[in-house]
Structures are given as structure tokens and as C-alpha cells.
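sequence below, structure please.
(chains A and B)
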Amino acid sequence: MGELAAEKHAKYILTVEKKKDDIESVLMEHLRINGAYWGLTTLDILGKLAAVDQETIISWVMSCQHESGGFGGNEGHDPHLLYTLSAIQILALFNKIDALDAEKVSTYISTLQNEDGSFSGDKWGEIDTRFSYVAICSLALLKQLDKINVEKAVKYIISCKNLDGGFGCTPGAESHAGQIFCCIGALAITGCLHYVDKDLLGWWLCERQVKSGGLNGRPEKLPDVCYSWWVLSSLIMIDRVHWIDKQKLVDFILDCQDKENGGISDRPDDAVDVFHTYFGVAGLSLLEYPGLKAIDPAYALPVDVIDRIFLH
Amino acid sequence: MDSDEDERTLLPLSQRPEWSDVTPVPQNDGPNPVVPIAYSEEFAEVMGYFRAVYLADERSLRALHLTTEAIQFNAGNYTVWQFRRLILEALNADLHEELEFVEQLASKNSKNYQLWHHRRWVAEKLGTEAASRELEFTKNIFVNDAKNYHAWSHRQWVLQNLGGWEDELAYCNELLEDDIFNNSAWNQRYFVITRHPGLGGIEATIDSELDYTIKSILIKPENESPWRYLRGLHKNNVQSFVTNPKISTLCLNVLTSKANPVFALSLLLDLISKGFEPNQDLKNAIEVVVPESNSQDSDISVTICTVLEIIDQMRVNYWRWRKKNLHPQVAEGVANLHIH
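So this is what the prediction gives:
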């Protein structure tokens, strides 16, 4: 039977954090702040967050912030909602959200809401339900949800609901597990899950489990470890996670590990990366694999971090 | 390919006379700074010069060419794409050439958000004249990956904002002939019949769509998509769903063939829960799916659930839940009984 090589994965992440000079790392430098969120959250779930230099990371995160209040993917990059959420999440991990001017950041986010309730990723206007989630999650963590029109935001998300109970990136777009996570997460955070047909969606989601035990993101596609997060967290948020075979999924994720060098890949025997390492470990946490910190399915942060923010 | 190699055998920027007035700006990578030797020097140099023009906000032709080189090295860098757009606007550039540029990058970067967003920005500026070229562009992507989510999103945007609906349903037919399991194409069918301004909506198309769907199911009964599509067609017409003999005949045909019966059984379950009463042929067909299972119950929907628990074991908890919730009206009625 498989086992989680927790020490190796922690080591892998710490190594990646230091190896900024190789080509893969350089090609990702524009989304370094996403990478930092994936790596740091994984370390926290593994109980190893103390291994990093908190001060240096926080000052680097703050250097990614713009006049507008939004954050770029790295220093010298334009602000965007995606990186703004990662910045807030990283600060939350270190219990340093108060390092932010919450007013400023939430104003930036609120300017990106459109008439129909949707959100653009940045001033260039790309619209996607991913950005609805990012905006709502960010503002909730900052306790500034009243800065946007929540009713319209919810209305737009619901307009992206499809016949199969799932959600796409825009109205009429194919249901996709990643987009579903974003919509369900946003609805969970705003207390609007009653708009979801949980039985119908739950069935669509549990049909994502294929013979190998892994999960795909759409009918007839290959399984991928990242769906262990998106499908799983969605099922948990709508109270239907018992509809999949949890043990088989655990086995699939464990099979995607590189037990020699650490890290987790999209499917067995492929190359590892931080993205899939995070989703694999987070998925195992949701499946209550022993030795891991619990993670909140809607905020995608450890439960103790969320409790610290909201139960003050 | 070849053009990429030509770009990279150009003189280094530091040796090109037209760049002699610019000092490149090095990468500041925060904690643990970069050791420059280990990654491509050309790439590092291009990015150094890019940072210089970006910080100086230089929106010139040479800056445009620089963004071309930077994007060819790394099409994921969104800041470069954004600055490129500012330059294109400042220069009032020919956006048809820009479509060309994106097309050259597309095959190697077909899942890149920045590329698709840039394409959309260009197409929006060009307006309705771009419609057919945009549809063609997505078609070419589908040749290699008929489920590319970005391409489908772009195609839907083009149809709704620039037009070109006429051949869309026919195109869906083509894609499904290539791969009847293509869920994106099934989704697009629904998109077309509900949003094509000239088709008359579901009411006008439901008969032909139902026939098409039934045919598709019979070709590959283990295909999830058409079963869902069939339900979708009847979303606002439960009466028709329950009473149309074509649907129950379909289930019977699948059950009496050698095909995987899971979806047929689950559809029957849904039909029965909405009031459908299966005839003896159907009941017989259900009971022989797992003949040794002793699954028979006087309530046929209980039998169906038992069978599904056996043959779709991964979702055993789902089918157990269905079994418990077979008769919500009855449960409610019992709960509402007044015992005197």
C-alpha cells in the first residue's frame, strides 16, 4: 500500500523555493506569488511552515503591491485579481493580514465588478467565474464583502449554471470542475448554496471518478490530481463527498508521488510540480489522511488560519 | 520552428545599434536572487531590455518587436502582453498582423490564458469582420484538441458578439462524427439550440435533437454526454420526458443489448421517479442485468438501485442514497398524516 512521503514533499518545496535560477522557475516568475501560495500552504498542511523565512517572504509579497492596491504576480508585474488573492492568502498563513491596508485592497477589487455582477481579472476586462471566486474570497478574508454588490455577483454566478447542475467560465460554457469549485466556493462564502441543485451537481461530480480512482474535470477526460481538490472540495461544500470512493482516490493521489525526490504530479509517472504537489496534499487533507492539518474547502487555507480570522 | 531559430540567431541586444541608448534592468527576484548563468542568457537579456522600456513606458516600434521576442521566449508573461497592447494602441497598429502573430504562437501555446485574452482583445477591436476568421482559428485548434476549453470559450464569445451561427449545428455534427464522446461538442449543441437567434429555441428543435441523441446513444451507450443531453432537452418539459415512448424504448434497447447498462438504468430511475410506469418487457430486462443478485423487489425502482449498487460500485453510496429517497412524496405524506 502507498504512504505519503511527507518529509520528501516538504523538502521538494523548500528546494524549489531556493532554485530560482533554472529555466522552469524563470518561466514561471510572473506568477511566483501563486507558486508561493501553493508551496507555503502545502508546508503548513504538512506542519512545516516554520521552515521558511517569514519576514523575507512578507516583505517580498508587499513589494508586489501597486498604487491601486492590487498585487502583481511578482515584483514588476501588473496588478491582477489572481495575484491579489494569493497575496492575501499568504499573509493569512502568517497571521499578518493586518499588514495590509484592507480598505485600499478592497477598493481595488470592487472596481473590477461589472454591471452584470461579473468580475474582470484586471483593467483589461477578461471575465470568468474564476474571478468571481477570487474577488469574493479576497473580500471575505478582508471582511470587506460589503464593498461589492453581492446580490449581483451571485446572480451572475447562477447565470453560469448549466443543465447538468455544473458551472462554466461564462453563461453557456461547458461545466468544468475547476469552474465549479470557483462558483460553489463563492456561493458557499456568500451563504448562497441554496441556489445549487446539490443532488444533481453531486451526481455530476461523483461521475468524475474513473476506474483508476482518480478524478477528471469533465466527462471523458483523463484524471488529474488537481481535480482531487476541485471536485472534492465542491463535493464537501455541498455535503455529498460520501458519493465518491474515498479510499480509491487516496490510492490514486499516493500513486502520483515521486517518493525518491519528493513532489506530486498530475498522474502517475509524470513530472512533478508545486501546483500538483499542493493539490495532492490538499486533497489528502480533505480526505482526512492522517498527519495533515485540516484545510477549509471554500477558502483553500488551513482551518486554523480561517478560525483565527473569523473567530476573533 | 524555423522562424524561432532565426530570431534567436539575431545579434544580442547589447550589440544592436538601435538599442545602444538603453540600459537593461536586471531581474529582482526577491529572496534568494537569481544566479544568471544557469538560465538562457538570450532570454535574460531580452527581459532586461523589456524591463527598461516598460519602466520608461516607451511605446515604440522597437519596443513592439522586443515584446515579440519576449513572448516567444515565454508566452505566459502577462505583463509583456499587456504592455504590447499599450504599444499597439499607441502605434495604431494593423491588428490583422496581430492575428497572424497569435496564430503563429497558438499551436505551442493553445492552453495559455494570455494568448486567448489577447486574441479576444484584438477580435473585439476588429469587430464583426473578424467573425469568420475567428471561427476558423478555433476550428484549427480543435483539429488537435477538440475539447480545448479556451477555444470553446472564445468560439462562444465570437458567435454571440460577432455572429456566424449559420453552420454551427452542422459543425457540432462533424465533431461528434469524429468523436461521439466529445462533451464540449454536446455542450455546444445545447448552446446553439438555445441561443442561435434563428433556430426557434428548444421547442422548435426538440424532435430532431431527440432523434439525433437517441441515435448517438445507441452507437455508444456507455457515453455519458448524450444521456445528460437527453435530460437537458426535457428540462422544462417533464410531461414529454415521461410519456414519450421513444425514450423508454431507448432504455429497453440498451438493456437488451450487450452494452453497459448503467446510464440506461439511471435514466429509467429518473423517469420512474417522475411518474413513468415501466411495462413488463422493461421489468424483465432490468431483472436480468444481474440475474444472480437476488435484486428483485416488488418496487422496480428499488431493484434498479440494487443493481446499480452492484454494477457501479464506485458510486455505491450515491445509489444507496437514491434508494432511500425513492418516494419523497410518500415520505412527506406519511409525515403529514394526522393520527387521531
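
where does pLDDT dip in chain B?
Low-confidence segments of chain B (pLDDT under 70): B:1-10, B:28-39, B:293-295, B:328-340.

just checking, what packs against the biggest helix by length in it?
For chain B, the longest helix by residue count, based on DSSP state H, is helix B:201-219. The contact analysis (3 or more C-beta pairs under 8 Å, 6 or more residues apart in numbering or on different chains; DSSP states H and E) places helix B:201-219 against helix B:183-195, helix B:224-233, helix B:245-255. Every C-beta, even on glycine, is put in place using the N, C-alpha and C of the backbone.

with distance to chain A and mean neighbour count added, can I get those in CSV?
Below are these laid out as CSV (distance: least, C-beta to the nearest C-beta, whole Å; neighbours: other C-beta atoms under 10 Å in any protein chain shown):
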stretch, distance to chain A, mean neighbour count
helix B:183-195, 4, 23
helix B:224-233, 4, 22
helix B:245-255, 16, 18
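
for A:Asp44, find the nearest of those helices.
Nearest of the helices and strands packed on helix B:201-219 to A:Asp44, taken as C-beta to C-beta: helix B:183-195 at 36.0 Å.

so how far is stretch B:191-209 off the chain centroid?
Chain-centre distance of stretch B:191-209: 20 Å, with C-alpha atoms, centre = their mean, to the nearest Å.

mind listing what's buried along it?
Neighbour counts over stretch B:191-209 (16 or more other C-beta atoms under 10 Å in any protein chain shown) mark B:Phe191, B:Val192, B:Ile193, B:Arg195, B:His196, B:Ile202, B:Thr205, B:Ile206, B:Glu209 as buried.

which one of those residues sits closest to B:Gln15?
Closest approach between the buried residues of stretch B:191-209 and B:Gln15, by C-beta to C-beta: B:Phe191, at 52.9 Å.

which of the helices or strands spans the residue nearest to the closest one when sequence neighbours are not counted?
Distances taken as C-beta to C-beta, 6 or more residues apart in numbering or on different chains put A:Gly172 closest to B:Phe191, at 4.8 Å, once the chain neighbours are dropped. Using DSSP states H and E, A:Gly172 maps to neither a helix nor a strand.

residues in contact with A:Gly172?
With contact taken as C-beta atoms under 8 Å, 6 or more residues apart in numbering or on different chains, A:Gly172 is in contact with A:Asn162, B:Gln156, B:Phe191, B:Thr194, B:Arg195.

before we move on, the earlier item: report the angle between the longest helix of chain B and helix B:183-195.
Helix B:201-219 runs at 150 degrees relative to helix B:183-195, counting by axes from the mean of the first three to the mean of the last three C-alpha atoms, to 10 degrees.

what angle separates helix B:201-219 from helix B:245-255?
Between helix B:201-219 and helix B:245-255, the angle comes out at 20 degrees (the same axes, to 10 degrees).

tell me the gap between the helix-or-strand element of chain A with minimal mean pLDDT and the middle of its chain.
Taking mean pLDDT, DSSP states H and E as the measure, the helix or strand of chain A with the lowest value is helix A:23-27, at a mean of 77. Relative to its chain's centre, helix A:23-27 lies at 22 Å (C-alpha atoms, centre = their mean).

let me see the ranges of the helices in chain A.
Assigned by DSSP H, the helices in chain A fall at A:6-18, A:23-27, A:32-45, A:54-63, A:81-93, A:102-110, A:129-141, A:150-158, A:177-189, A:198-206, A:226-237, A:246-255, A:274-286, A:303-310.

weakest of these by average pLDDT?
Among the helices of chain A, helix A:23-27 carries the lowest mean pLDDT, at a mean of 77.

who's in contact with it?
For helix A:23-27, the surrounding residues in contact (C-beta under 8 Å, 6+ apart) are A:Val16, A:Lys19, A:Lys20, A:Asp273, B:Val34, B:Tyr39, B:Ser40, B:Phe43, B:Asn74, B:Gly76.

for these, which one is nearest B:Ser184?
B:Gly76 (23.7 Å).

and that closest one, helix, strand or coil?
Secondary structure of B:Gly76, reduced to three states by DSSP: H, G, I helix; E, B strand; the rest coil: coil.

that one touches A:Met28, doesn't it?
Yes - using C-beta atoms under 8 Å, B:Gly76 is in contact with A:Met28, at 7.3 Å.

more neighbours, those two?
A:Met28 (21 against 18; other C-beta atoms under 10 Å in any protein chain shown).

please name the nearest non-neighbouring residue to that one.
Spatial nearest neighbour of A:Met28, excluding adjacent residues (C-beta to C-beta, 6+ apart): A:Gly35 at 6.1 Å.

now tabulate the contacts of helix A:23-27 in TSV and tack on distance to A:Ile88.
Shown next, in TSV, are the contacts of helix A:23-27 (distance: C-beta to C-beta, whole Å):
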residue	distance to A:Ile88
A:Val16	22
A:Lys19	26
A:Lys20	23
A:Asp273	23
B:Val34	26
B:Tyr39	30
B:Ser40	33
B:Phe43	31
B:Asn74	26
B:Gly76	22
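
between the residues you listed, which is nearest B:Arg320?
Closest approach between those and B:Arg320, by C-beta to C-beta: A:Asp273, at 37.9 Å.

let me see the contact set for that closest one.
A:Asp273 makes contact with A:Glu24, A:Gly263, A:Ser265, according to C-beta under 8 Å, 6+ apart.

out of those, which is nearest to chain B?
A:Glu24 (9.3 Å; C-beta to the nearest C-beta).

redo the buried residues of stretch B:191-209 as TSV? Include distance to A:Trp124.
Output for those, formatted as TSV (distance: C-beta to C-beta, whole Å):
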residue	distance to A:Trp124
B:Phe191	25
B:Val192	29
B:Ile193	32
B:Arg195	26
B:His196	29
B:Ile202	36
B:Thr205	37
B:Ile206	40
B:Glu209	38
